[in-house]
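Enquirer: Predicted model and sequence below, questions to follow.
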Amino acid sequence: MPFDFADRDARRRVLWGTVGLGATGAAVGLNIAILRNLQPIRRHALTMAANWSLYGLFFLATREALLSEQRQKSRSLQLRPSLSTRERDEMFSSVVAGGLTGGILAFITRGRRAAVFSGVGFFALLSAAGQYTYTALNRRRRELILRELAGPLAKPDESASGPLASVWTRLRQALMVDPISRLPSWFPLRRLPSSEYRAMLELRREEARLELARMRSAIAAMDSREQTLLSLFAAPAAQ
């Protein structure tokens, strides 16, 4: 499983990936040293950068070597290269390279055989998640490029709901559907139609009118009793 140094693209991916991981490690080490007040800060930052670079170099070189081996197998079997095959090869190579890197890292840092298995599993899952995210973003990028090249006649499939549908399309479809309509029939919350809502408003208005009329009649009766009492008190005073 040798690394193909003649492949210029592979060398570039390994080089820039290692540099990027080293810079990320330096930033992480610098922040940890500042937060924990570790002195000297520069040494901790450089140590973290060196560790991330070494492990990143091993991961990327192993991944590229596995990809090169997969491509050689495909050519020897005279298999036609395709996008799905390349994506499967990238996922397999990333998972295996991540598992190997995690196992070595766990063995160096902890020195126990039991820790190796946990390191292999954790970094394999982490690599699989990273490769899946990268593949999804790259696929979305290709779709946007093809849509721009096709011009205004190419419209997105609004009815797509399978795994090929983009996250944005599915989110937009979910927002366009009334969420209350998805509730089961036994749920106490439901959306009223316009006619039923107007009928309910008319009923509330009629109830308000009846209540207002009752209050007016009660006030009129109170005024009548008050006038009667005033007249009864005024009659003896006049005599």
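Expert: Structure's in. What do you need?
Enquirer: How far does the helix or strand where Y197 lies sit from its chain's centre?
Expert: Assessed by DSSP states H and E, Y197 sits inside helix 194-238. What separates the centre of helix 194-238 from the centre of its chain is 61 Å, taken as Cα atoms, centre = their mean, to the nearest Å.
Enquirer: Ok, stretch 65-81 next?
Expert: Distance, centroid of stretch 65-81 to centroid of chain: 34 Å (Cα atoms, centre = their mean).
Enquirer: buried stuff in it?
Expert: A65, L66, L67, S68, Q70, R71, S74 (16 or more other Cβ atoms under 10 Å). (Glycine included, C-beta is placed from N, CA and C.)
Enquirer: Next, count neighbours for the spatially closest residue to the fifth one that is not a sequence neighbour.
Expert: Okay, so that is Q70. Using Cβ to Cβ, 6 or more residues apart in numbering and skipping the chain neighbours, the partner closest in space to Q70 is D89 (4.2 Å). D89: 19 surrounding residues under other Cβ atoms under 10 Å.
Enquirer: change the start of the numbering to 12 and stick with it
Expert: In the new numbering, first residue 12, that becomes D100.
Enquirer: Show me what the helix holding Y208 is packed up against.
Expert: If you count contacts as 3 or more Cβ pairs under 8 Å, 6 or more residues apart in numbering; DSSP states H and E, helix 205-249 packs onto no helix or strand.
Enquirer: May I ask which helix or strand of the protein has the lowest mean pLDDT?
Expert: Using mean pLDDT, DSSP states H and E, helix 178-187 stands out as the lowest-scoring helix or strand of the chain, at a mean of 67.
Enquirer: Show me the domain layout of this structure.
Expert: The chain breaks down into these domains under automatic domain parsing: 12-91, 93-162, 167-199, 203-239.
Enquirer: Just put these in JSON lines and tack on distance to A245.
Expert: Below are the domains of the chain laid out as JSON lines (distance: least, Cβ to Cβ, whole Å):
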{"stretch": "domain 12-91", "distance to A245": "91"}
{"stretch": "domain 93-162", "distance to A245": "92"}
{"stretch": "domain 167-199", "distance to A245": "60"}
{"stretch": "domain 203-239", "distance to A245": "10"}
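Enquirer: Check those for me: which has the lowest mean pLDDT.
Expert: Comparing mean pLDDT across those, the weakest is domain 167-199, with a mean of 61.
Enquirer: Which of the three states applies to R82?
Expert: helix (DSSP: H, G, I helix; E, B strand; the rest coil).
Enquirer: cool, R91 as well?
Expert: Going by three-state DSSP: R91 is coil.
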